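Q: Sharing a sequence plus its predicted fold:
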Amino acid sequence: MSAEHASGADHTQGGERDGADVPQRSLNSGSATPVSVVACANGPLLVRGDFELVGTDGQELPRTRRTVALGRCGASVLKPYCDGSHKLIGFTTDP
Amino acid sequence: MKQPTPRGEISALVLATIAAPAPTQEESLVQLGTLVAERVSGTPDILRDDDLQLALFCLYELHYSGIDDAGDDWEWHPGLLGIRRLIEGAFEQAVRSRVVLGDLPDSSSEAVCAELFRMTGEDAGPSMSRFVARSATEDQLREFLVHKSIYQLKEADPHTWAIPRLTGRAKAALVEIQADEYGNGLPTRMHSALFARTMRDLGMDDTYGAYLDAVPAITLASNNLMSLFGLNRRLRGAIVGHLAAYEMTSSQPNRLHSRGFKRHGHGEEAREYFDEHVEADAVHEQIAGRDMAGGLVEQDPRLLPDVLFGAAAGIALDVLMTQHILEAWEAGRSSLHHVGAVAA
């Protein structure tokens, strides 16, 4: 258990942000945490790890949290982020 | 926290007892035990019993910020803990008797997550957030903040008790959520600090517990539920389910809350608390349902009923609180216990 928790400590959230509403580079030293994308049933894509989120112009998008939920129902008012709207419109990921 | 005003003989005796040194209070504890034993079996509805709910709130508060003039030794005083267990036992029984669970899903994390989303998506009666968005007056917005302040000024704390009781995936998920709640290391970004800023913007006192005298028993009960779940390891499933339900009923309601405050001309600073929760809790609800609650049940399937109970209980008490508030407002009354206490 301790080994598991020691590796978990590598991606605790710490000093990489200053809280301003400007795009922030993620960890700029050390090895990057692998990125994982969870396709949530009837909901968003949950993205964790060290990644950059950029617009079509290559510029980093405003981002205030390390783990993000990217909307895929089309109804969010916070695009590209999820705002929970998928629940209101009955969005389903069933084929 | 400053000492609240007693609401009956039990809360009065609790407050008087803990204001004195423990060795001098043996007789008070015996008397308190007798009074509490009589009351818990005689009260018509413990969820709306102001005296018992305030007494329980104060007993739990010894584990949080403490109470002015109460010695720190009281927190683990066996006699006082016995009194607390009498009240919380009756409280838990009352909550369990109100909450009806449907058929249990299987114990995979996806099934648990889907069931939690189903439960929190059901129409639970009148909507506070729609009322706030469309109809609430400025005074009602302030009352709304008074009710919320009891929890939101210590937002996340009751669920933090669960961290050392979880392991692996469920623990990592809870910590990921709580780190966000606590501002990721930035004190001004703590959700409790954002809420305090909203209160200050409306000219209200943002001191923790400043409005305790103003809230009715059902608001205290909603808070006591979290402490009951958080402080008892045997209820770790319930506190996890409770947090999942809170996260799953937050994004859209907070968007509506923000709209209500904007309607009354309150600026971005006042609304940031609500706006932050729209995006944050759209993330948290996925982590809470799948990794925290679902992960916990996959590790220990025996906890499944309590996870769902914790979620259902949280929803049920908040429905009662909403009914209390909206009924008062629709009748043209204040929803508060002591109306005078809402002054800034």
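A: Thanks, I have the structure now.
Q: dump the residue contacts of the residue in the stretch 151-300 of chain B positioned nearest to chain A.
A: Residue nearest to chain A within the stretch 151-300 of chain B: B:Ser251 (3.2 Å; C-beta to the nearest C-beta). Where you see a C-beta, it was placed from the backbone N, CA and C, and this is true even at glycine. Contact partners of B:Ser251, counting by C-beta atoms under 8 Å, 6 or more residues apart in numbering or on different chains, are A:Asp83, A:Gly84, B:His277, B:Val278, B:Glu279, B:Asp281, B:Ala282, B:Glu285.
Q: Point out where chain B drops to low pLDDT.
A: B:339-344 (pLDDT under 70).
Q: For the top helix by length along it, list every residue counted as buried.
A: Counting residues, the longest helix found in chain B (DSSP state H) is helix B:304-330. Across helix B:304-330, burial judged by 16 or more other C-beta atoms under 10 Å in any protein chain shown covers B:304, B:306-318, B:320-322, B:324-326, B:328-329.
Q: likewise stretch B:32-49?
A: For stretch B:32-49, burial by neighbour count (16+ other C-beta under 10 Å) applies to B:Leu32, B:Leu35, B:Val36, B:Arg39, B:Val40, B:Ile46, B:Leu47, B:Arg48, B:Asp49.
Q: what does that stretch rub up against?
A: Stretch B:32-49 is contacted from outside by B:9-10, B:13-14, B:17, B:51-53, B:55, B:79, B:82-83, B:86-87, B:89-91, B:94-95, B:98, B:216-218, B:221, B:317, B:320, using C-beta under 8 Å, 6+ apart.
Q: from those residues, which would you call buried?
A: By neighbour count, with 16+ other C-beta under 10 Å, the contacts of stretch B:32-49 hold B:10, B:13-14, B:17, B:51-53, B:55, B:79, B:83, B:86-87, B:90-91, B:94-95, B:216-218, B:221, B:317, B:320 as buried.
Q: List phi and psi for residue 62.
A: Chain wasn't specified; assuming chain A. The phi/psi pair for A:Pro62 (degrees, to the nearest 10) reads phi -50, psi 130.
Q: Give me the distance from the host helix or strand of B:Ala114 to the chain's centre.
A: B:Ala114 belongs to helix B:109-121 when elements are defined using DSSP states H and E. Between the centre of helix B:109-121 and the centre of its host chain there is 21 Å, according to C-alpha atoms, centre = their mean, to the nearest Å.
Q: again with stretch B:231-239
A: Here the centre of stretch B:231-239 is set off from its chain's centre by 14 Å, with C-alpha atoms, centre = their mean.
Q: quick one: terminal-to-terminal distance for that stretch?
A: Length of stretch B:231-239, first residue to last, C-alpha to C-alpha, to the nearest Å: 9 Å.
Q: can you list the residues that contact it?
A: Here stretch B:231-239 makes contact (C-beta under 8 Å, 6+ apart) with B:60, B:63, B:88, B:158-159, B:161-162, B:165-166, B:226, B:228-230, B:296-297, B:303-307, B:309-310, B:313.
Q: Just the buried positions in that stretch, please.
A: By neighbour count on 16+ other C-beta under 10 Å, the buried set for stretch B:231-239 is B:Leu231, B:Asn232, B:Leu235, B:Arg236, B:Gly237, B:Ala238, B:Ile239.
Q: Tally up the residues packed near B:Arg85, please.
A: Per other C-beta atoms under 10 Å in any protein chain shown, the neighbour tally for B:Arg85 reads 13.
Q: That one: which element?
A: helix B:78-98.
Q: just the CA coordinates of stretch B:198-217, formatted as PDB?
A: Listed next in PDB are the C-alpha coordinates belonging to stretch B:198-217 (Å, rounded to 0.1, in the frame of the first residue of the first chain):
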ATOM      1  CA  THR B 198     -20.200  35.900  -1.400                       C
ATOM      2  CA  MET B 199     -21.500  36.500   2.100                       C
ATOM      3  CA  ARG B 200     -19.300  39.600   2.500                       C
ATOM      4  CA  ASP B 201     -20.400  40.900  -0.900                       C
ATOM      5  CA  LEU B 202     -24.000  40.800   0.400                       C
ATOM      6  CA  GLY B 203     -22.900  42.600   3.600                       C
ATOM      7  CA  MET B 204     -23.300  39.500   5.800                       C
ATOM      8  CA  ASP B 205     -21.100  38.200   8.600                       C
ATOM      9  CA  ASP B 206     -18.800  35.400   7.200                       C
ATOM     10  CA  THR B 207     -17.700  34.200  10.600                       C
ATOM     11  CA  TYR B 208     -18.200  30.500  10.900                       C
ATOM     12  CA  GLY B 209     -21.400  29.800  12.900                       C
ATOM     13  CA  ALA B 210     -22.400  33.500  12.900                       C
ATOM     14  CA  TYR B 211     -25.900  32.500  11.800                       C
ATOM     15  CA  LEU B 212     -26.300  29.300  13.800                       C
ATOM     16  CA  ASP B 213     -29.100  30.900  15.900                       C
ATOM     17  CA  ALA B 214     -31.000  31.800  12.800                       C
ATOM     18  CA  VAL B 215     -31.400  28.300  11.200                       C
ATOM     19  CA  PRO B 216     -34.200  25.900  11.900                       C
ATOM     20  CA  ALA B 217     -33.800  22.400  13.200                       C
END
